[in-house]
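> Sequence and computational prediction follow.
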Amino acid sequence: MNDLFDHLKSNMFNALLCRRFCMTVRLSFEPKLRLLGRKTTITVVKENFSRCTQISENSLTSNEEIDTEERKIALSSKEQKLLIQRRPISVSNSRLLKVAILGAPNAGKSTLANKLIGWKFAPVSQKVHTTRHKTIGVLTEDNKQVIFLDTPGVIGPRKMKQHKLEKTLLVDPHSAVFDADLLAVVVDVSYVWNRSRLDAEILKILHFHSDKRSVLVLNKVDLVKNKRELLGIARNLTEGVVGGTKSWSTAKQPKKISLSSLFEKMKLQSGSSAENSSTAVAALENISPEEPSLNSNSQYAALIHSKPPDDELKQNLSGAHRRLEEEYMPAVTVTVDSQSNVVLDLHDDRVWTSYYKEVQNRSQELEDKNGWQHFDEVFMISALSGDGVFDLREYLLNETYGSSLRYHPSVVTNQNPVDLARLCVFERMLDHLPNEIPYQVKLKLALWEVTEDDLLRVSFEITCLRKRHLQHVLGNEGKTIRTIAAEAKQQLMNAFRREMSLQLIVKGIGDFYKCDEK
């Protein structure tokens, strides 16, 4: 019997499975050992063991490979490309979900994306437009895979031309929506002036792609002192409807004020003649029932006379839209359908122009809208501290649908490692350099190598075209550039998960300064 167990152990592919199987063999064959000869017994056990190990190997799906597979970002562009192209593992009952993260500039989209996949792959800073193009982050857990499309802040054509921004900042959010199954709209609730209504451009996207599911993510809730305000914000942004059901009662209607009492109050406060007051009352009688009631203040009497008729107002608005289209979008004829399965290349000028015209045409009815009534869920989180992110992550994993995996489980992002390193340095420059300086200096890769000790060595050149920029980059006794180098090195270590050295070389007008952070 001891020889039998030694033979089994020598052929086991897993010691734990060996012990479990030996116990099973002992219990199953103990009554037969007395009747069968030793050679016969070993032969029978061998046959049963071979069949058992074959079943076990087949039953071990690639879930174990997913759990033990090391996630990484490759150290060279070639290796990263091969990693992205690596064939996904075939998993039984595999599930997939593609999520586009949308929001106004500096709403915390990239911070949230990093938290959701548990990896630093998207640049983050306190200034707007840190993310310049669409990037992909991959979360694979067991048989489920969620692909996050981190996008630049949603802007319109006018703002792009006004600030001379890259076209990717305008197009990539719309492009990501076409690729996504679910839209996660992130709103910065700490920004008082913009939290009571959704951005107009985001509303246009939601309306045009109304066939796609969406969730509302209220970010930076830790910065709101009065937490009761969050319910009011959520009510405004959802118009009281979540998941197709009315979740909040509508606001209380103002008390009706009789025209005679309003006339008397306006007459006493303004001291105007009876003729002017009667004109104001006549104007009030012509107000449509849908318009809100006016307070009894004399200043509204002047507003009544200055307000144009409804038809004239609509005509002026349509004329403004038409002038905007003529100025920024030349006429083309490309048919665009939000529910079409055809993949559109929105970076093509003709396709983008036609698409955005269609978005504008369909969004005419959204002029008075503050929110979107078709959000499936509302999440209140703090992406920086991680509060509430786990609930959002679990929700997205549960919303995956039956489909083959898109990427190998070891893939973290589709970004080029050199570009990712450049963005890590750029984001630190944004936080430590004032105004337009980070955007006007040139950041160029000078060295990228992996030593024999498996140490990643990276060097960037920062070229300043103006002496004032050079002074800001260096700082007092070089403190600013050293701080940038130290923080950028830490971000790079978080992204590549390895020890490394970073060197920043600052060049100016006849000046040279090197900051070596080893």
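Perfect, I can see it now.

> give me phi/psi at Asp150?
phi -80, psi 130 (degrees, to the nearest 10).

> do you know how far it is from Gln126?
For Asp150, the distance to Gln126 (C-beta to C-beta, to the nearest Å) stands at 17 Å. Bear in mind the C-beta positions are built from the backbone N, C-alpha and C, glycine included.

> Neighbour count: the two, which is higher?
Regarding Asp150 and Gln126, a neighbour count based on other C-beta atoms under 10 Å identifies Asp150 as having more, with 28 against 9.

> May I have the beta-bridge partners of that one?
Partner residues in beta bridges with Asp150: Ile101, Thr135, with DSSP bridges as the criterion.

> Who are the contact partners of it?
For Asp150, the residues meeting the contact criterion (C-beta atoms under 8 Å, 6 or more residues apart in numbering) are Ile101, Lys109, Ser110, Ala113, Ala122, Thr131, Lys134, Thr135, Ile136, Gly137.

> got those residues as CSV, with pLDDT columns?
Listed next are the contacts of Asp150 as CSV, based on pLDDT from 0 to 100:
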residue, pLDDT
Ile101, 98
Lys109, 96
Ser110, 96
Ala113, 97
Ala122, 94
Thr131, 92
Lys134, 94
Thr135, 95
Ile136, 97
Gly137, 97
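
> and which of those residues is nearest Lys161?
The shortest approach to Lys161 among these belongs to Thr131, at 19.8 Å (C-beta to C-beta).

> my guess is the closest one contacts Thr151, does it?
Yes - proximity of Thr131 to Thr151 meets the contact threshold set by C-beta atoms under 8 Å, at 7.0 Å.

> list residues touching both of the two?
Where contact means C-beta under 8 Å, 6+ apart, the residues bridging Thr131 and Thr151 through contact with each are Lys109.

> re the thing from before, farthest pair within the contacts of Asp150?
Checked with C-beta to C-beta, the contacts of Asp150 reach their widest spread between Lys109 and Ile136, with 13.4 Å between them.

> what bits of the stretch 1-150 of the chain have low per-residue confidence?
Residue ranges of the stretch 1-150 of the chain with pLDDT under 70: 1-69.

> Helices along that one, start to end?
For the stretch 1-150 of the chain, the helices defined by DSSP state H, counting those that start in this stretch cover 2-10, 15-33, 38-59, 63-68, 77-85, 109-117.

> what's the strand or helix carrying Val359 packed up against?
Per DSSP states H and E, Val359 falls inside helix 349-362. Based on contacts counted as 3 or more C-beta pairs under 8 Å, 6 or more residues apart in numbering; DSSP states H and E, the elements that helix 349-362 packs against are helix 167-179, helix 200-208, helix 310-328.

> Show me which residues of that helix are buried.
Under the neighbour-count criterion of 16 or more other C-beta atoms under 10 Å, helix 349-362 has Val351, Trp352, Thr353, Ser354, Tyr355, Tyr356, Lys357, Glu358, Val359, Gln360 buried.

> circling back: need the least confident one among the helices and strands packed on helix 349-362, by mean pLDDT.
The minimum mean pLDDT among these belongs to helix 310-328 (a mean of 44).

> where do the strands sit along the chain?
Listed in chain order, the strands of the chain (DSSP state E) span 95-103, 135-141, 144-150, 182-188, 213-219, 241-242, 245-246, 378-380, 401-402, 442-450, 456-463, 500-507, 512-517.

> Tyr191 versus the residue nearest to Asn370 when sequence neighbours are not counted, what's the distance?
Counting by C-beta to C-beta, 6 or more residues apart in numbering, the nearest residue to Asn370 once its immediate chain neighbours are dropped is Arg197, at 3.8 Å. In this structure, Arg197 lies at 12 Å from Tyr191, with C-beta to C-beta as the measure.

> one step back: of Lys109 and Ile136, which one has the most company?
Comparing Lys109 with Ile136 by neighbour count (other C-beta under 10 Å), the higher total belongs to Lys109, at 32 against 23.

> residues near Leu216, how many?
Neighbourhood size, Leu216 [other C-beta under 10 Å]: 23.
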